[in-house]
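Novice: Everything below, folded, please.
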Amino acid sequence: MTDTQDTSITQPKQKTLPLIIAFALGAMLAAIIFAAMPKASGGTQAGAPTQGQGTATEQGGPVDIAATFPSWNQDSASLAELVAFVQDVTDPASKNYREPAERIATFDMDGTIICEKAPFYLDYMLLLHRVLDDPSHKAEPDVVALCEEIRTYAMRGEKNSELSPGRRIAIAHEFAGMTPDEFRAYVTDFLDNEPVVGFDGMTYGQTFYKPMLEVIDYLRANDFDVWIVSACEREVSRSVAAKIGIAPDHVIATDVAFTTTSQGDETPSKYTMEQGESVLLSEPLSSDKCEYNGKVLAIAREIGSRPLLSFGNSSGDYAMLNYVETSGGMGMLVIADDLEREYGNEKKSAEQYELVSKESWTSFSMRDDWATIYGDGVVRTELPNLEEEELAQAA
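Specialist: Residues are numbered from 1 along each chain as shown. A predicted model of the protein is given here:
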């Protein structure tokens with residue numbers, strides 16, 4: 001190869017070198033611009049419902065309140081306070097920023113995210129259905145008598161605390177021997193098909209408060225880890241939580257006992273199950289009911305981190321709200337003060353508002369903050385025994 005030929009080959013390479021450099025600089029500039037663009041918010045929990053999904057343009061950024069919280073009154077100061085808190089702790093520029101791993105939210109169940117007055121706690125109504133209304137199940141006469149007495153009070157919206165110990169024994173006994181899957185299927189069937197007492201237009205599985213579902217969706221969209229912490233039995237609570245996409249391992253509640261098919265009276269630490277045995281519900285319920293300080297201790301034991309947000313509705317939740325407030329978190333109390341769309345209680349509500357002010361919690365008023373509770377087509381009627389009493393008084 002001659003010198004002339006060498007020159008003719010290398011010259012084009014020299015001409016393309018500036019083009020290569022320019023292309024590389026352009027690519028670097030494009031990458032820098034793309035990295036600086038705002039990211040869409042994420043963090044939705046797998047399997048969670050999409051209803052009311054949060055619409056923050058970015059975590060810590062502006063929120064379309066009307067689209068994100070359609071079941072709330074748009075001028076709700078309490079909702080604005082919650083949104084401001086979430087924006088603050090999810091904004092990387094804020095001194096209060098918390099990493100996603102620190103974003104934990106705990107919710108009580110009955111009266112906080114699902115109806116508590118229909119006409120009574122969900123686990124009570126499940127037991128009454130099992131003992132008094134399920135033709136496939138035959139309970140002992142003393143259990144039937146107990147449940148009939150409980151129902152008499154429940155249909156007036158009342159609770160006789162003297163019957164509570166017997167109910168705790170009964171709810172474990174009447175379902176003992178079922179596998180967890182069988183029990184959850186039973187509860188799901190009850191939720192899906194049993195009409196709610198005291199309301200028209202929904203079953204027990206539709207008694208979730210729509211405003212609170214929107215709060216849960218909004219928190220998920222901002223990478224909050226959502227937990228249920230309930231005094232209700234754990235397996236009942238797991239069945240309810242599954243309806244809104246909360247996994248069984250994110251449910252803390254009063255523990256039920258378990259056994260295996262052939263364990264009998266042997267203690268678990270001395271018995272080895274054989275292949276082919278099943279895990280079964282047993283009895284009694286745990287003596288450590290998941291309420292009051294029990295909720296705080298259960299959170300410490302099972303989550304291992306202090307929540308940033310806690311939501312409750314009754315005295316059994318106050319310790320949980322204080323637990324988050326002492327570390328800069330936010331405790332919120334749902335107050336049943338609506339006498340037209342719900343079975344609110346004026347006296348209890350007034351006492352709770354005083355306590356909210358004293359403890360510096362945030363209150364969610366069913367009457368003033370929520371545009372709807374259960375959605376269109378649901379109407380509060382009257383509890384059967386209350387109606388009977390009113391007719392008797394009128395006569």
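Novice: Any stretches of the chain with poor pLDDT?
Specialist: Within the chain, the segments meeting pLDDT under 70 span 1-61, 386-395.
Novice: redo that, cut-off 50
Specialist: Residues of the chain meeting the criterion pLDDT under 50: 1-25, 27, 29-57, 391.
Novice: how many other residues sit next to the nearest residue to Gln206 once chain neighbours are set aside?
Specialist: Spatially, and ignoring its direct neighbours in sequence, Gln206 is nearest to Tyr374 (7.1 Å; Cβ to Cβ, 6 or more residues apart in numbering). Bear in mind the C-beta positions are built from the backbone N, C-alpha and C, glycine included. A count of nearby residues for Tyr374, using other Cβ atoms under 10 Å, gives 22.
Novice: looking at this, Tyr374 is in a strand?
Specialist: No: using DSSP: H, G, I helix; E, B strand; the rest coil, the assignment for Tyr374 is coil, not a strand.
Novice: So it sits against Met212, correct?
Specialist: No: counting by Cβ atoms under 8 Å, Tyr374 sits too far from Met212 to count as a contact (11.2 Å).
Novice: what residues are shared contacts of these two?
Specialist: Common neighbours of Tyr374 and Met212, using Cβ atoms under 8 Å, 6 or more residues apart in numbering, do not exist here.
Novice: which secondary structure elements does the longest strand along the chain contact?
Specialist: If each strand of the chain is counted by residues according to DSSP state E, the longest one is strand 225-233. For strand 225-233, the elements it packs on are strand 104-107, helix 122-128, helix 210-221, helix 234-242, strand 251-254, helix 293-302, judged by 3 or more Cβ pairs under 8 Å, 6 or more residues apart in numbering; DSSP states H and E.
Novice: Could you give the separation of the longest one from the chain centroid?
Specialist: In other words, helix 210-221. From the chain centre to the centre of helix 210-221 is a distance of 9 Å (Cα atoms, centre = their mean, to the nearest Å).
Novice: buried set for that helix?
Specialist: Applying a neighbour-count criterion of 16 or more other Cβ atoms under 10 Å, one finds Lys210, Pro211, Met212, Leu213, Glu214, Val215, Ile216, Asp217, Tyr218, Leu219, Arg220, Ala221 buried in helix 210-221.
Novice: Among these, which one sits closest to Glu266?
Specialist: Ile216 (41.8 Å; Cβ to Cβ).
Novice: ok, now which ones touch the nearest residue to Cys290 once chain neighbours are set aside?
Specialist: Nearest-residue entry for Cys290: Thr254, 4.7 Å, with adjacent residues in sequence omitted and distances by Cβ to Cβ, 6+ apart. Contact analysis of Thr254 by Cβ under 8 Å, 6+ apart lists Ser230, Ala231, Cys232, Glu233, Arg234, Leu285, Ser286, Asp288, Lys289, Cys290.
Novice: Spell out, range by range, the helices that occur in the protein.
Specialist: 3-36, 65-68, 77-90, 122-128, 141-154, 164-173, 180-193, 210-221, 234-242, 293-302, 318-325, 346-359, 384-394 (DSSP state H).
Novice: got those helices as TSV, with distance to Leu309 columns?
Specialist: As requested, the helices of the chain are arranged in TSV below (distance: least, Cβ to Cβ, whole Å):
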stretch	distance to Leu309
helix 3-36	31
helix 65-68	16
helix 77-90	8
helix 122-128	23
helix 141-154	32
helix 164-173	30
helix 180-193	26
helix 210-221	7
helix 234-242	17
helix 293-302	12
helix 318-325	7
helix 346-359	15
helix 384-394	36
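Novice: For Ser278, which of these is the nearest?
Specialist: helix 180-193 (9.2 Å).
Novice: Please work out which residues outside that closest one touch it.
Specialist: Taking Cβ under 8 Å, 6+ apart as the rule, helix 180-193 contacts 126, 129, 175, 178, 203-205, 235-236, 238-240, 242-243, 258, 279, 281.
Novice: Now which of those residues would you call buried?
Specialist: Looks like the contacts of helix 180-193 have 126, 129, 175, 178, 204-205, 235-236, 238-240, 242-243, 281 buried, using 16+ other Cβ under 10 Å.
Novice: Now do the contacts for the closest residue to Gly177 other than its chain neighbours.
Specialist: Nearest residue to Gly177 in three dimensions, chain neighbours excluded: Leu280, at 5.7 Å (Cβ to Cβ, 6+ apart). By Cβ under 8 Å, 6+ apart, the contact set of Leu280 is Ala176, Gly177, Met178, Thr179, Phe258, Thr259, Thr260, Thr261.
Novice: show me the contacts for the first one.
Specialist: Contacts for Ala176 were tallied using Cβ under 8 Å, 6+ apart; they are Leu280, Leu281, Ser282, Glu283.
Novice: Specify which member of these is nearest to Ser164.
Specialist: Closest approach to Ser164 among these (Cβ to Cβ): Glu283, at 16.1 Å.
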